[in-house]
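J.: Structure of the sequence below:
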Amino acid sequence: MPWMRPNSVRNRNLTRMLVDLYTSRKSSVILLFAAVLATASMWFYVQRVLIPQEEKDAAERQRPRGNLSDLYPRWLGARELLLHHRNPYGEDISIEIQQGYYGRALDHRRPNDPLDEERFAYPVYVVFLLAPLIRLPFHDVQIVFRILLVVLTAASVWMWLRTLRWRLPLVEVSATVILTLGCFPVVQGIKLWQLSLLVAALLAAAVACVARGFLLCGGALLALTTIKPQLAWPAVLWLVVWAAADWRVRRRLVFGFASIMVPLLAGAEVLLPGWWRMFAEAIQQYHRYTQNQSVIEVLVPWGFSGTILAVSSLLASAFLLNKLRQEPADAVQFGRATALVMALTVLIVPMSAPYNQVLLLPAILVLARDRTLFLPRSRLRRFGYVAGAYALVWPWIASLATDVICLAGFQEFAFSVWWWVDLTTFIFPVFVFALMFLDVQTSLSDVTVPQEGCAG
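T.: Coordinates of the predicted model:
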C-alpha cells in the first residue's frame, strides 16, 4: 500500500545503518586486536627470545655485557663535564663509559670483545638537554627516559598525521600508535634508550609546528635535532631550502633555528673550548671502530657501488624536492616532500641500525594514505607496493612464529632462528624510499591527485 512505503524505506535504511555499524565495530575490534597481538608478539620476542639468546651467546664467547644503554655514554659525559669539568671526549671518560656500558673496559687483545668502543661521539651541547638528569642515579634516569621515549614516540604518530593532513578515526589512530610502539625499530630503540627516538620525535614536532604556521617554534625544535647531526642534516637542509624559496614569509623558520643553534654552539664553546675539533676526531674514531655503513652500502657492498647509488638517490630526490620548495606548509605536497626526505635519510646516512628506521614513519603513513595512486597503475608498481607491505609486516609474522616455538617448549630452536625477524631489515627502507619517490613523482605528474581521507 502507498502509505506503507515510507516506513518500509525507513526500516531498510535503519537495517542498513545497523549492519554498517556492526560491520564497522567488528572491523575496529579486529584491527585493534591485530595491532595488540602484533605489538605483544614483538615485545615478547625481544624479551624472551632475542635478549636471552644474546646473553647465551655472550656467555659462550666471554663477551662483556653491562647496562648496554646507549644513553649511558652521553649521560656520563654530561655529568662529568657539568659537575666535574672533565673532558667527555677524553680517554679516561671513555674507559669509565666502557666499564658501565660493558661491565669492564674493552681489551682488543680478546678476539670476542665488541668493536664499538662506546665513546662520547655527540656534539658537546647534548649536555644541555641531559642536564636535568645528571644528579639522578642512572637507574632512575633509565626509567624516566624510557617513559619519555614511549610518550614522545606515541605523540609523533599524531604529529605526523596532523602534518600530512590525514584525519583518521580514533580506532585507526590508536591501532597506528600501538603498531608503532610494537615495531622492531622502536622496540629496539626503547630497550637501548636510544637518542634516535628522541631526535625522531623532535623532527616530528618541528615539522608539525611548521605545517601549522608556527615557524619560530619549528625552527627552534629543528635546532635541537642536531644533537644527532647525521640524522638531522637532510631535514635541516630541506627546510632551509624551503624557507629560502619564500624568504619574506618563511624567514622566521631560519630565525627560530638560529635563536637556539647559536646559544647551543656558544654555550658549548664556553663549557669546552675547541670542542668541535674533539667532536670531529670522535666521529672519525667512531666510523673507524664501528665500520658503520649506510643501508645501501650494506645491501650493495661491492666497491663504490653503494656510494654511487646513495649519491644518485640524493640527486634524484633533490630534483623532485626542488619542484616542491614553493609549496605552502599546509599543503599535502609539503608533507609528501618531508616524508621523502625522511626516507632518504634512512637510506643514505652512514648508520644502518634498525632503530633509525623510526624516521620511516611519515613515509609509511603517506604510502598507506596514497595507496590508490599505485593500485591502478603498472604491475611493477603494484608488485613494489605489495612487496613493501610484506616487508613491513614480516617482522611481526616472524616474531609471532618465534614466540609460538618458544612457548611450545622448543626454546633452543627459537634461539637458533632469532634472525627471522631481521630478514627484511635492510631491504625495507629501500622499498619505502622507492615507493615514496614514485608517490611524489606521480603526484607531480598527475593533473588531479586523489586526496580521499585528507583535509586541506
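
J.: Can you list the low-confidence ranges for the protein?
T.: Low-confidence segments of the chain (pLDDT under 70): 1-26, 372-377, 446-456.

J.: Could you pull up the residues touching the most centrally placed residue in it?
T.: Centroid-nearest residue in the chain, with CA atoms, centre = their mean: residue 358, separated by 1.6 Å. Going by CB atoms under 8 Å, 6 or more residues apart in numbering, residue 358 touches 153, 185, 186, 189, 196, 197, 200. The C-beta positions use only the backbone N, C-alpha and C, and glycine is treated the same way.

J.: switch the cut-off to 7 Å
T.: Contacts for residue 358 (CB atoms under 7 Å, 6 or more residues apart in numbering) come out as 185, 186, 189, 196, 197, 200.

J.: Same list (the residues you listed) but as TSV, adding neighbour count, distance to residue 62 and secondary structure.
T.: Below are the contacts of residue 358 laid out as TSV (neighbours: other CB atoms under 10 Å; distance: CB to CB, whole Å; DSSP: H, G, I helix; E, B strand; the rest coil):
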residue	neighbour count	distance to residue 62	secondary structure
185	25	30	helix
186	28	31	helix
189	25	28	helix
196	25	30	helix
197	25	31	helix
200	30	35	helix
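
J.: List just the nearest of the residues you listed to residue 63.
T.: residue 189 (22.0 Å; CB to CB).

J.: Verify the contact between the closest one and residue 355 for me.
T.: Yes: here residue 189 reaches residue 355: they are 3.7 Å apart, a contact under CB atoms under 7 Å.

J.: Mind listing the shared neighbours of the two?
T.: 196, 197.

J.: re the thing from before, which of the contacts of residue 358 sits closest to residue 267?
T.: Nearest to residue 267 among the contacts of residue 358, with distances taken as CB to CB, is residue 196, at 23.4 Å.

J.: For the contacts of residue 358, give me TSV that also has distance to residue 231.
T.: Below are these laid out as TSV (distance: CB to CB, whole Å):
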residue	distance to residue 231
185	13
186	15
189	12
196	6
197	11
200	8
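
J.: So which of those residues is the closest to residue 162?
T.: Scanning the contacts of residue 358 for proximity to residue 162, where the rule is CB to CB, the winner is residue 200, at 15.7 Å.

J.: Could you find the closest non-adjacent residue to residue 323?
T.: residue 444 (6.0 Å; CB to CB, 6 or more residues apart in numbering).

J.: same deal with residue 65?
T.: Nearest one to residue 65, counting by CB to CB, 6+ apart, is residue 58 at 5.1 Å.

J.: and the one you found, that one's in a helix?
T.: Yes: the assignment for residue 58 by DSSP: H, G, I helix; E, B strand; the rest coil puts it in a helix.

J.: how close does it sit to residue 267?
T.: Residue 58 sits 39 Å away from residue 267, going by CB to CB, to the nearest Å.

J.: same question, residue 331
T.: As judged by CB to CB, residue 331 and residue 267 stand 37 Å apart.

J.: Could you export the regular element (helix or strand) spanning residue 443 as PDB, CA atoms only?
T.: Here residue 443 sits within helix 427-445, counting by DSSP states H and E. Only the C-alpha atoms of helix 427-445 are listed here, as PDB (Å, rounded to 0.1, in the frame of the first residue of the first chain):
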ATOM      1  CA  ILE A 427      65.500  -4.200   2.200                       C
ATOM      2  CA  PHE A 428      62.500  -2.500   3.800                       C
ATOM      3  CA  PRO A 429      64.000   1.100   3.700                       C
ATOM      4  CA  VAL A 430      64.800   0.600   0.000                       C
ATOM      5  CA  PHE A 431      61.100  -0.300  -0.800                       C
ATOM      6  CA  VAL A 432      59.900   2.600   1.300                       C
ATOM      7  CA  PHE A 433      62.200   5.100  -0.400                       C
ATOM      8  CA  ALA A 434      61.400   3.800  -3.900                       C
ATOM      9  CA  LEU A 435      57.700   3.900  -3.400                       C
ATOM     10  CA  MET A 436      57.800   7.300  -1.700                       C
ATOM     11  CA  PHE A 437      59.800   8.600  -4.600                       C
ATOM     12  CA  LEU A 438      57.300   7.300  -7.100                       C
ATOM     13  CA  ASP A 439      54.500   8.700  -5.000                       C
ATOM     14  CA  VAL A 440      55.900  12.200  -5.100                       C
ATOM     15  CA  GLN A 441      56.700  11.800  -8.800                       C
ATOM     16  CA  THR A 442      53.200  10.600  -9.600                       C
ATOM     17  CA  SER A 443      51.600  13.400  -7.600                       C
ATOM     18  CA  LEU A 444      53.600  15.900  -9.600                       C
ATOM     19  CA  SER A 445      52.800  14.400 -13.000                       C
END
